[in-house]
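Novice: Below are the sequence and a predicted model; questions follow.
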Amino acid sequence: MLEFPLSLALYNVVPVILTGVALWFLIRFVRDQHAPHHGLALPGGALILAGGTAKVTWKLIAATTGADIEWLANALFPLMAPGFALLAVAIWGATRRLRGQQPLVGWRVVLLAVLLAFAIAAVRQWILEMPRGWFLPLLALASLGNLGASILLIRAALGLHRWRIALLFAINLAMIFALQPIAMASPKTLALHWIEQSLTVFGTGCFALAAYLLWRAANAEGTCGR
């Protein structure tokens, strides 16, 4: 039986909702700035949200029934890795257009990165037979995609002279780095779980607010420029 309190499992739902709000505005931001890359942002956002939802569902089931559904627990990075890669490339195109530059064709880049990461994961898992060999390549892709998207969004906010928006994106990025040592801590106490989730809620809250403000600021800039 997994000992995971229902209250903490429910608290895990909050950052997933906030992430969904952030993705909604980032997808709209991409659509408004460079519509062709909307086709990358939309499935990217859906995959990220699906990964978070799978993890939360696993925790809720574990808390209420004690059942450990392993594929739900492991679905986070196989979904988030391509999701963040797609979103990062979509944001790259949108931010280039926002600066008045010609967006580059991004789908080839993201396809190559995703195929490479999954190929390495498959070799490590099934040929080299490494325990959880799939994990590190997909974690690396998700982390690089998340980092790249965050840097592009901070740069876009600074380009619009919206320092507070840039700061909100930077806070979310700082929370991601701050969570790494907590995630690797062992043994992990219940108090540490609550700290981890509180930092996650704070970071994703800043991310959601920043995404909304950036979308609004970019639209206002476009309106003024027309």
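Specialist: In hand now; what should we look at?
Novice: can you give me the helices for the protein?
Specialist: 6-11, 13-33, 38-65, 70-73, 76-98, 107-122, 135-159, 163-184, 190-225 (DSSP state H).
Novice: Single out the most deeply packed of those helices.
Specialist: helix 76-98 (a mean of 26; mean count of other C-beta atoms under 10 Å). Glycine gets a C-beta too; all of them are placed from N, C-alpha and C.
Novice: rewinding a little: can you tell me which of the helices of the chain is nearest to Glu129?
Specialist: helix 107-122 (11.6 Å; C-beta to C-beta).
Novice: picking that back up, could you dump the helices of the chain into TSV and include mean pLDDT and distance to Glu129?
Specialist: Formatted as TSV, those follow (pLDDT from 0 to 100; distance: least, C-beta to C-beta, whole Å):
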stretch	mean pLDDT	distance to Glu129
helix 6-11	92	33
helix 13-33	97	33
helix 38-65	94	25
helix 70-73	90	18
helix 76-98	94	19
helix 107-122	91	12
helix 135-159	95	14
helix 163-184	90	24
helix 190-225	89	31
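Novice: Redo these as a markdown table? Include distance to Leu128.
Specialist: Rendered in a markdown table, the data for the helices of the chain read as follows (distance: least, C-beta to C-beta, whole Å):
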| stretch | distance to Leu128 |
| --- | --- |
| helix 6-11 | 35 |
| helix 13-33 | 33 |
| helix 38-65 | 25 |
| helix 70-73 | 21 |
| helix 76-98 | 18 |
| helix 107-122 | 10 |
| helix 135-159 | 12 |
| helix 163-184 | 23 |
| helix 190-225 | 31 |
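Novice: Skip the chain neighbours and tell me the closest residue to Ala149.
Specialist: Ala88 (4.2 Å; C-beta to C-beta, 6 or more residues apart in numbering).
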